[in-house]
Structures are given as C-alpha cells and as structure tokens.
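Asks: Could you work out the structure for the sequence below:
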Amino acid sequence: MRIYLLLLFIPTLIFNFGCKIQMTEEVMTLDTIAENYVKLALKTGQYDPDFIDAYYGPEEWKQALNTATETDSIPFEELKWQATYLLMDLEELNVDAYDSIKILRYRYLHNQIIAINTKLDMMAGDLLPFDVESRALYNAVTPYFDKAYYDRLLMDLDKLLPGTGPINKRYETYSNSFIIPPHLLDTVFNTAITEARRRTSLFIELPENEHFKIEYVTDKPWSGYNWYKGNCFSVIQINTDLPVYIERAVDLACHEGYPGHHVYNMLLEKHLVDERNWVEFSVNLLFSPQSLIAEGSANYGIEMVFPNDERLEFEYNILFPLAGIDPAKADQYYDILQVRDKLSYAGNEAAMKYLNGQISREDAVQWLMKYNMNSYERALQRTYFFDRYRSYVINYNYGKDLIKNYIERNGGNDVNKRWALFKSILSTPLTASILE
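Replies: As a prediction, this is how the structure comes out:
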C-alpha cells in the first residue's frame with residue numbers, strides 16, 4: 001500500500017527509490033532486514049569517518065560502494081528514506097513466534113536503525129538536545145546530580161589531599177608523582193594487559209588465534225582506542241599526548257583488551273556472526289546503542305578481573321615498582337581516586353551544558369578542572385572530545401553502572417554466576433533499556 005501512495009503523491013522519489021519498490025515485492029525477514037541495515041550503515045559511514053567503528057562482513061558489500069570524497073555532499077534524502085523504510089519493514093514483521101533470543105535480535109535492530117536515522121539528521125545539521133540525542137542514539141539518558149552532591153565530594157577530597165589551597169591544584173600536584181615515565185610506559189602497559197588476559201581466560205575461553213597489536217599515538221581526543229579488525233585481532237592504540245598515570249595501565253588494559261573491547265568483539269563475532277550468521281554484528285556503529293554496552297562492559301570489566309583489593313595488590317607489588325613509583329603511596333592514592341571516581345557524572349553535566357549552548361568552552365573547562373580534577377590541558381582535550389563525540393560520553397559511566405547493577409542484582413556474590421552474566425552480555429544482542 002505505501003508504494004502506491006508514494007507513486008501517487010511523491011512522484012519525484014520514483015527514480016531514487018526504484019530499488020526499494022522492487023525490494024518490497026520480496027518476503028522480508030530479519031535476515032533480509034539485517035543485510036539491508038549493514039549496507040545502509042556502510043553507505044552512511046562514507047560521510048562520517050567516525051561512524052563505522054569496525055567492519056568485518058562481506059568485502060563485496062564494501063567494494064560495491066561508490067567511495068565518497070571529503071567534498072561530496074551527503075545524499076540525505078536517499079539515505080533517510082532507506083532508513084525510514086527499513087524501520088517500517090522491521091515493524092511489519094510478525095514476532096509472535098520468535099523465541100527470546102530472536103526477540104532480543106529484533107529489539108537490537110530496531111534501536112540500531114533508530115540510531116542511524118538520528119545520526120543522519122545530525123549529519124544534515126539537525127542537532128538535538130543532549131538527552132534527546134542520547135536516548136535516540138544510545139537508548140539511554142544519563143542521571144544528573146545536584147551541585148551540592150559534587151561539593152560534598154570535594155569536601156571529602158579536601159580532607160584526603162595533602163597541603164592547602166584549591167583542591168584541583170593540590171590534586172594535580174599530588175598526582176604528578178604517579179605518572180608513568182614515558183620510557184617505561186610500554187613495559188608497564190604490556191605487564192598489565194598480560195595479567196588482564198590471564199585473569200579473563202580463567203572465566204572466558206579465548207580463541208587460540210586471538211591476538212592484538214599495541215600502538216602509541218598522539219594528537220587524538222581520546223586516551224585509548226581498540227580498532228577491531230575481525231578474526232580475533234585488534235589494534236590497541238594508547239594516546240601519549242598527555243601524561244599517563246599509573247592507574248590507567250590497568251584501566252586501559254582491561255577496557256581496550258581483556259575483558260573489554262577485544263573480548264567483546266571476539267565473542268560477538270564467534271557467537272552471533274559465525275555461529276548464527278547474524279550479519280548485523282559484522283558492523284559496529286560508534287553512534288548506536290551497541291556502544292553503551294561496549295563501553296559499559298569494558299569499564300565494569302576492570303572490576304570483574306580485579307575485584308576488591310586484588311587490583312591494589314597487583315599494582316602495589318608489580319606495576320608501581322615497574323614504573324619506579326613508591327608503592328607505599330598506593331593506599332592513600334587509591335582512597336583519593338575512589339572519591340574522584342564518584343565525581344565522573346560531573347563530566348556528563350559539563351558535556352550536556354556545553355553542547356546545549358548553556359555554557360562556553362571555557363566554562364566547561366573550568367567545571368571539569370573543579371569537579372573532575374582535570375588539568376587545564378586535559379579539560380580542554382575533553383571539550384574537543386565533546387565536540388566530536390557529543391553525548392557519547394554517557395556510555396562510559398552510565399553504561400558501566402547499568403551493567404554493574406544488572407550483574408550484581410542478578411549474580412549476587414557468586415563469582416561464577418557473575419562471570420556467566422558478564423559473558424552473556426558480551427555475546428547477546430542487548431541495549432540499555434533491557435538492562436534497566
């Protein structure tokens with residue numbers, strides 16, 4: 001019916017969407033929609049270099065594209081209608097006979113297509129309010145806290161930090177003694193990622209051919225990145241623009257490697273692409289609900305492999321000496337970090353107000369310096385991250401908290417049950433609303 005309405009009322013679209021008209025004569029299935037979703041994602045990715053985070057699907061689909069140049073304008077109308085029709089096709093499917101895993105697949109595709117639709121609008125210049133954007137792209141909205149909450153945490157830091165004067169200045173001075181010397185960074189990071197891999201392998205069977213390469217880079221708006229290439233291989237990049245603190249070795253090793261992005265992508269590839277032939281998981285869209293699960297699980301994965309005091313013990317005995325940092329300072333440092341971590345949502349608020357035009361870049365920098373203990377340089381770098389990735393920032397802390405609460409609510413204190421739940425999250429089509 002909708003085809004004839006288009007022919008009657010929108011004749012100018014006949015040429016552009018002739019392929020769509022022909023396609024609707026076929027029997028649409030989840031597999032067909034998934035294939036069209038991947039092809040639409042690849043087309044969209046030609047006009048935003050950040051959009052496709054990884055692709056390891058059929059090479060001929062990628063080669064079939066007319067490669068766009070930086071000067072090409074986005075064919076917004078064409079892509080927008082393809083996304084709209086794809087969503088309509090999905091919603092017309094009869095899901096009554098679907099089992100639970102197929103329902104999850106359906107809901108995943110539905111939310112991913114909404115994200116593409118939203119991203120197309122943003123690429124055409126239609127910027128949404130921060131929370132509206134995050135709901136459409138990531139299926140989630142960050143919680144906010146009043147200023148009094150953050151101020152109470154600053155008072156706690158004031159008591160813990162040595163010296164007097166502005167808290168952020170004292171924190172910067174204090175934390176400088178925990179910077180990994182650049183010539184030792186590779187040794188410290190490789191030691192951390194080797195231990196993270198060993199601990200992960202106790203609970204998750206890793207493929208024999210899995211491997212990664214580490215690169216140290218500069219001039220990036222992020223501190224670390226995993227570029228998954230498929231077939232159990234990742235390139236892990238560490239940004240050395242700014243000093244790397246000792247705690248970041250374990251953070252990055254777990255987040256980018258084990259049991260974070262590297263493991264997450266391997267399990268999706270194995271269980272959903274290879275075993276089920278669900279081709280939609282051969283493409284990772286950065287600005288989509290999948291990213292909240294990816295970032296949240298990568299951050300909570302740090303606690304999974306280094307629970308309770310095991311992280312402090314490993315760093316005290318191994319990493320601090322490797323980095324030439326006095327282990328006797330570890331206890332006090334981590335007491336301070338624990339309070340500082342509770343301030344992470346202040347960063348979401350800075351991003352929200354800045355991107356909504358409520359505060360200037362300089363105001364955002366000052367807020368991040370005060371409530372996130374960032375140096376001026378690091379705070380400025382974060383505002384550039386806001387510019388480029390916008391509401392993506394909620395995926396790190398809110399994504400972590402969603403997954404943490406889900407696992408601890410359902411797994412209790414049973415370590416094996418927690419790991420079973422964690423592995424399920426890494427190998428199942430989930431979005432934030434399912435975990436809430």
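
Asks: residues in contact with Ser375?
Replies: For Ser375, the contacting residues are Glu172, Leu242, Met369, by CB atoms under 8 Å, 6 or more residues apart in numbering. Where you see a C-beta, it was placed from the backbone N, CA and C, and this is true even at glycine.

Asks: So what's the residue count around the last one?
Replies: Spelled out, it's Met369. By other CB atoms under 10 Å, 21 other residues sit near Met369.

Asks: Who are the contact partners of it?
Replies: Applying CB under 8 Å, 6+ apart, we find Met369 in contact with Asn168, Ser375, Tyr376, Ala379.

Asks: quick one on the thing from earlier: confidence-wise, which of the contacts of Ser375 comes last?
Replies: Among the contacts of Ser375, Leu242 carries the lowest pLDDT, at 87.

Asks: In which helix or strand does it reside?
Replies: Remark: Leu242 resides in no helix or strand, with elements defined by DSSP states H and E.

Asks: ok, it touching Tyr376?
Replies: No. Using CB atoms under 8 Å, Leu242 is not in contact with Tyr376; the gap is 11.0 Å.

Asks: Now do stretch 318-325: distance from first to last residue.
Replies: By CA to CA, to the nearest Å, the extent of stretch 318-325 from end to end equals 11 Å.

Asks: ok, residues contacting it?
Replies: Stretch 318-325 is contacted from outside by 177-178, 180-181, 184, 187-188, 191-192, 195, 246, 249-250, 326-327, 330, using CB under 8 Å, 6+ apart.

Asks: Stretch 87-106 too?
Replies: With CB under 8 Å, 6+ apart as the test, stretch 87-106 has contacts from 2, 24, 28-30, 33, 36, 109-110, 113-114, 117, 278, 428-430, 434.

Asks: Give me the buried subset of those residues.
Replies: 28, 30, 33, 36, 109-110, 113-114, 117, 278, 428-430, 434 (16 or more other CB atoms under 10 Å).

Asks: Around the residue lying closest to Asn397 once chain neighbours are set aside, how many other residues sit close by?
Replies: Spatially, and ignoring its direct neighbours in sequence, Asn397 is nearest to Ser344 (4.5 Å; CB to CB, 6 or more residues apart in numbering). Neighbours of Ser344 under the rule other CB under 10 Å: 17.

Asks: cool, and the one 5 residues further on?
Replies: As a burial measure, the neighbour count of Glu349 was computed by other CB under 10 Å and equals 20.

Asks: Wait, a strand at Gly57?
Replies: No. Counting by DSSP: H, G, I helix; E, B strand; the rest coil, one finds Gly57 to be coil, located in no strand.

Asks: Do I have it right that it meets Val283?
Replies: Yes. Assessed by CB under 8 Å, Gly57 is found in contact with Val283 at 6.0 Å.

Asks: returning to that earlier point: for Phe76, state which of the contacts of Ser375 is nearest.
Replies: Lowest distance from Phe76 to these (CB to CB) belongs to Leu242, with 37.1 Å.

Asks: Could you look up the SS state of the nearest residue in space to that closest one that is not next to it in sequence?
Replies: What sits nearest to Leu242 in space, not counting adjacent residues and going by CB to CB, 6+ apart, is Arg378, at 5.6 Å. Secondary structure, three-state DSSP: Arg378 is helix.

Asks: cool, and Leu312?
Replies: Here Leu312 is recorded as helix under three-state DSSP.

Asks: residues touching it, list them.
Replies: By CB under 8 Å, 6+ apart, Leu312 lies in contact with Ala330, Asp331, Tyr334.

Asks: Recalculate using a threshold of 10 Å.
Replies: In this structure, Leu312 makes contact with Glu247, Phe306, Phe320, Pro327, Ala330, Asp331, Tyr333, Tyr334, judged by CB atoms under 10 Å, 6 or more residues apart in numbering.

Asks: Among those, which one lies nearest to Pro162?
Replies: In terms of CB to CB, no member of the contacts of Leu312 lies closer to Pro162 than Tyr333, at 11.3 Å.

Asks: From what I see, the closest one and Ile179 are in contact.
Replies: No. Look at Tyr333 against Ile179 with CB atoms under 10 Å: they stay out of range, at 11.9 Å.

Asks: Comparing the two, which residue is more hemmed in?
Replies: Neighbours were counted for Tyr333 and for Ile179 using other CB under 10 Å; Tyr333 has more, 22 against 16.

Asks: List the buried residues in the helix or strand containing the more buried one.
Replies: Element membership of Tyr333 [criterion: DSSP H and E] is helix 330-341. Of the residues in helix 330-341, those with enough neighbours to count as buried (16+ other CB under 10 Å) are Ala330, Tyr333, Tyr334, Ile336, Val339, Arg340.

Asks: would you turn those into TSV with pLDDT?
Replies: Formatted as TSV, the buried residues of helix 330-341 follow (pLDDT from 0 to 100):
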residue	pLDDT
Ala330	92
Tyr333	94
Tyr334	94
Ile336	96
Val339	95
Arg340	95
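
Asks: And what about Asp53, helix, strand or coil?
Replies: Under three-state DSSP, the three-state class of Asp53 is strand.

Asks: Actually, Pro207.
Replies: Classification of Pro207 using three-state DSSP returns coil.

Asks: so it touches Asn265, yeah?
Replies: No. Between Pro207 and Asn265 there is no contact under CB under 10 Å: 11.5 Å.

Asks: Residues in contact with both of those two, list them for me.
Replies: With CB under 10 Å, 6+ apart, Pro207 and Asn265 have common neighbours Cys232.

Asks: next one: phi and psi at Val235?
Replies: phi -110, psi 120 (degrees, to the nearest 10).

Asks: still on that earlier bit, in terms of packing, which of Pro207 and Asn265 has more residues around it?
Replies: It is Asn265, of Pro207 and Asn265, that has more neighbours when counted by other CB under 10 Å, with 26 against 12.

Asks: what sits opposite the residue nearest to that one when sequence neighbours are not counted in the beta ladder?
Replies: Nearest residue to Asn265, sequence neighbours excluded (CB to CB, 6+ apart): Tyr228, at 4.0 Å. Note on Tyr228: beta-bridge partners Ser234, judged by DSSP bridges.

Asks: can you pull the pLDDT of Phe15?
Replies: 34.

Asks: Looking at the contacts of Leu312, which is nearest Tyr396?
Replies: Glu247 (15.1 Å).

Asks: hmm, back to that, find the pair from the contacts of stretch 318-325 with maximum spatial separation.
Replies: Ser177 and Glu195, at 23.3 Å, using CB to CB across these.
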